[in-house]
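S.K.: Sequence and predicted structure, then a few things I'm wondering about:
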Amino acid sequence: MIQEFCKFMVLIPYMDTKLRFKALPSVQSSLFPEDIFGRIAEDHPVRLVNRVVDDLDISCLLSQYKGGGASSFHPRMMLKVLFYSYLSNIYSCRKIEKALGENIHFMWLSGNSLPDFRTINYFRGKRLRSEIHHLFSQIVRLLVELGYVSLDVQYIDGTKIESAAGRYTFVWRKSIEKNQSKLQTKINSILADIDSQIKDDDPGYLPTESICIDSDLLKKKLSEINVRLKDRNKATQKALDVLQQEHLPRLEGYENQLKVLGDRSSCSKTDPDAVFMRMKDDHMKNGQLKPGYNTQISTEEQFITHYSIHQTTADTTTLESHLQSFEDTYKQQSSEVVADAGYGSEQNYELMEAKGIDAYVKYNYFHLEQKRKVKNNPFSVANLFYNDKEDFFVCPSGQRLLNTGTGKRISTNGYESTVTYYQGARCQGCPFRGQCHNANGNRKIEINHRLNLLKKQVKERLMSELGLAHRSKRPIEVEAVFAQMKANNKFTRFTLRGLEKVNIEFGLMAVAHNLRKMAVKQTKKQPLKTFFWNDGVQISILRIHTEQNGNVTIAA
């Protein structure tokens, strides 16, 4: 077999088998060393980040540096690194430190500087604490200058983002108040027994009544007992030890937890600012209670024009502070606001009307009212005939529902509404009673006339041509931004703890999102106009992209 193979090989003609490979530039001597930064494309997003940050006013940041001692990394360079890292979906300071030594884009931005992760974390958590909103608003003003947004309309929506806190460190207000009440009952019982003993020794002593005792009052009471009660048996001494060593620390703990909670219903032990909210975990929307924050954003053309972080689970209660912070930031208010039914309430409609805003905000049952089943139901409250002059309703059987008085309704955030009660007179024996209502006695209805008027105005606005355009655009405005953040950028959980630091982190995410959108538009060679603010004076610089021999140049 081997001999036959060798004969076959002899028959194969001779071929040149010398291999040739390209030379490695790194091991070859060069008269002019290569500039590796020249490999970064002119339209790469890192160059846009560099230009934008160079034109930002960072005087407030510079004022935080006291001078003296060791030199510091320049805050403008640190901003470039942080903005680009969040644009690149890098949120860990340790990973940013690693990228500064390995990634050519980070090297170019930092000028080969190598701040460690502690320096980066300190700059992000301390230096940007009061400045991130100012920096974000400057970039939004840049978008206005470019003509990408106008700030005349806000598409508003919110999403819940999980906190970095432990998921099972629950603190619930109802549980604390229940346990505190039980503890106060035990304390009052022990104090009553001790008071009876003191009264036996001192007939003139007046025992204290059972009250909702707090830690300060308990300390005062224990001091008084130690002075008055000289001769005490073992049982009394044991009771005093229990009060001093067990009940008093527990009572102080409950009071501190209630103080941390404020007006919230829950919080986390490892992130006291976080609130337990129901998160949509999977595509089946099997929610779980997890500590998190309610993030609200305003968008226009899928750019984020404003954001705010809230500690409430419902979107309804966030609109007032969100709009006010928008007005404080830009010294103006949008003429139109578009939002879903989560924001439709009497308080919010009144608020937007007072601010001169055209509200394209749905209310509950807006879509249900359009269905034939509801529109053709004569027994529905919305379809009952109302005589506004004599103030009564008429049911399908022709009977009147007369005004029986008014009442007050107070919402969860303290807003007071006025409602009017109406009641029929002779519902018994009515042939339509089974279809009309199932309550005992005559039919009663509750009407909020002011809210109904506001709903009518909003409905007319929503059904108009402009309203239909806004309603069709809203899902691809805010929802698309949240989808990009959570699905594409994998930003589903904060890495920092506390409301202040969460504001910083979401602000960096919002800046990165806007820069990413700008980079996409700049690749189309659209004119770029940058500007900055100096002591309240707007200074504009026009930078025009032109093509010259294949090279992109920027003319100031």
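M.R.: Received the coordinates, thanks.
S.K.: got the CA coordinates for the host helix or strand of residue 294 in PDB?
M.R.: Element membership for residue 294, per DSSP states H and E: strand 287-300. Once non-C-alpha atoms are left out, strand 287-300 reads as follows in PDB (Å, rounded to 0.1, in the frame of the first residue of the first chain):
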ATOM      1  CA  GLY A 287     -45.600  41.400  37.400                       C
ATOM      2  CA  GLN A 288     -43.700  41.300  40.600                       C
ATOM      3  CA  LEU A 289     -43.300  43.900  43.400                       C
ATOM      4  CA  LYS A 290     -39.800  45.200  43.300                       C
ATOM      5  CA  PRO A 291     -38.100  48.400  44.500                       C
ATOM      6  CA  GLY A 292     -37.900  51.000  41.800                       C
ATOM      7  CA  TYR A 293     -38.500  54.500  40.500                       C
ATOM      8  CA  ASN A 294     -41.200  55.900  38.200                       C
ATOM      9  CA  THR A 295     -39.300  57.700  35.400                       C
ATOM     10  CA  GLN A 296     -41.200  60.300  33.400                       C
ATOM     11  CA  ILE A 297     -40.000  61.700  30.100                       C
ATOM     12  CA  SER A 298     -41.100  64.200  27.500                       C
ATOM     13  CA  THR A 299     -40.200  63.500  23.900                       C
ATOM     14  CA  GLU A 300     -40.400  65.200  20.500                       C
END
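S.K.: Can you give the distance of it from its chain's centre?
M.R.: For strand 287-300, the separation from the chain centroid amounts to 5 Å (computed by CA atoms, centre = their mean, to the nearest Å).
S.K.: What of stretch 158-171?
M.R.: 12 Å.
S.K.: which of the residues in that stretch are buried?
M.R.: 158-165, 167, 171 (16 or more other CB atoms under 10 Å). In this view, the C-beta of every residue, glycine as well, is placed from N, C-alpha and C.
S.K.: Can you read off the pLDDT for the closest residue to residue 152 other than its chain neighbours?
M.R.: Nearest-residue entry for residue 152: residue 335, 5.3 Å, with adjacent residues in sequence omitted and distances by CB to CB, 6 or more residues apart in numbering. Among the per-residue scores, residue 335 shows a pLDDT of 94.
S.K.: where's residue 335 relative to residue 154, distance?
M.R.: 10 Å (CB to CB, to the nearest Å).
S.K.: Between the two, which is the more surrounded one?
M.R.: residue 154 (24 against 14; other CB atoms under 10 Å).
S.K.: Touching, that one and residue 343? I think so.
M.R.: No - in this structure residue 154 lies outside contact range of residue 343 using CB atoms under 8 Å: 11.1 Å.
S.K.: What residues does the residue nearest to residue 449 when sequence neighbours are not counted make contact with?
M.R.: Using CB to CB, 6+ apart and skipping residues adjacent in sequence, the residue nearest residue 449 is residue 420, 6.4 Å away. Listed by CB atoms under 8 Å, 6 or more residues apart in numbering, the contact partners of residue 420 are 391, 403, 405-406, 446-449.
S.K.: again, but for residue 275
M.R.: By CB under 8 Å, 6+ apart, residue 275 lies in contact with 264-267, 291-294, 311-313.
S.K.: Quick check: phi and psi at the residue nearest to residue 449.
M.R.: phi -120, psi 140 (degrees, to the nearest 10).
S.K.: partner residues bridging the most centrally placed residue in the chain?
M.R.: Centroid-nearest residue in the chain, with CA atoms, centre = their mean: residue 295, separated by 1.4 Å. Note on residue 295: beta-bridge partners by DSSP bridges are residue 159, residue 309.
S.K.: Check the contact between it and residue 158; I expect there is one.
M.R.: Yes - applying CB under 8 Å as the test, residue 295 and residue 158 come out as touching, 6.1 Å apart.
S.K.: What distance do you get for the residue nearest to residue 449 to residue 454?
M.R.: As judged by CB to CB, residue 420 and residue 454 stand 15 Å apart.
S.K.: Leaving out the residues flanking it, which one is nearest to residue 171?
M.R.: residue 267 (4.9 Å).
S.K.: Contacts for the helix or strand hosting that neighbour, please.
M.R.: Assigned by DSSP H and E, residue 267 belongs to strand 266-268. Residues outside strand 266-268 that contact it (CB under 8 Å, 6+ apart): 163, 165-166, 169-173, 257, 260-261, 273-276, 291.
S.K.: same check, this time on stretch 352-364
M.R.: 323, 327, 333-341, 343-345, 348-349, 454-455, 458, 461-462, 466-467, 470-471.
S.K.: what touches both of residue 295 and residue 158?
M.R.: What both residue 295 and residue 158 touch, as defined by CB under 8 Å, 6+ apart, is the set residue 310.
S.K.: circling back to that earlier point, next structured bit after the strand holding residue 267?
M.R.: Using DSSP H and E, the first helix or strand after strand 266-268 is strand 275-280.
S.K.: got the angle for that next one vs strand 287-300?
M.R.: Relative orientation of strand 275-280 and strand 287-300, computed by axes from the mean of the first three to the mean of the last three CA atoms, to 10 degrees: 90 degrees.
S.K.: Can you give me the buried ones in strand 275-280?
M.R.: 275-277, 279.
S.K.: Among the contacts of stretch 352-364, which lie within helices?
M.R.: Residues of the contacts of stretch 352-364 located in helices (DSSP state H): 323, 327, 348-349, 454-455, 458, 461-462, 466-467, 470-471.
S.K.: Show me how far the helix or strand containing residue 237 is from its chain's centre.
M.R.: With secondary structure defined by DSSP H and E, residue 237 is part of helix 234-242. Relative to its parent chain, helix 234-242 has a centroid offset of 51 Å by CA atoms, centre = their mean.
S.K.: What residues sit buried inside it?
M.R.: 236, 239-240.
S.K.: Out of those, which comes closest to residue 503?
M.R.: Using CB to CB, residue 240 is the member of those that lies nearest residue 503, at 47.6 Å.
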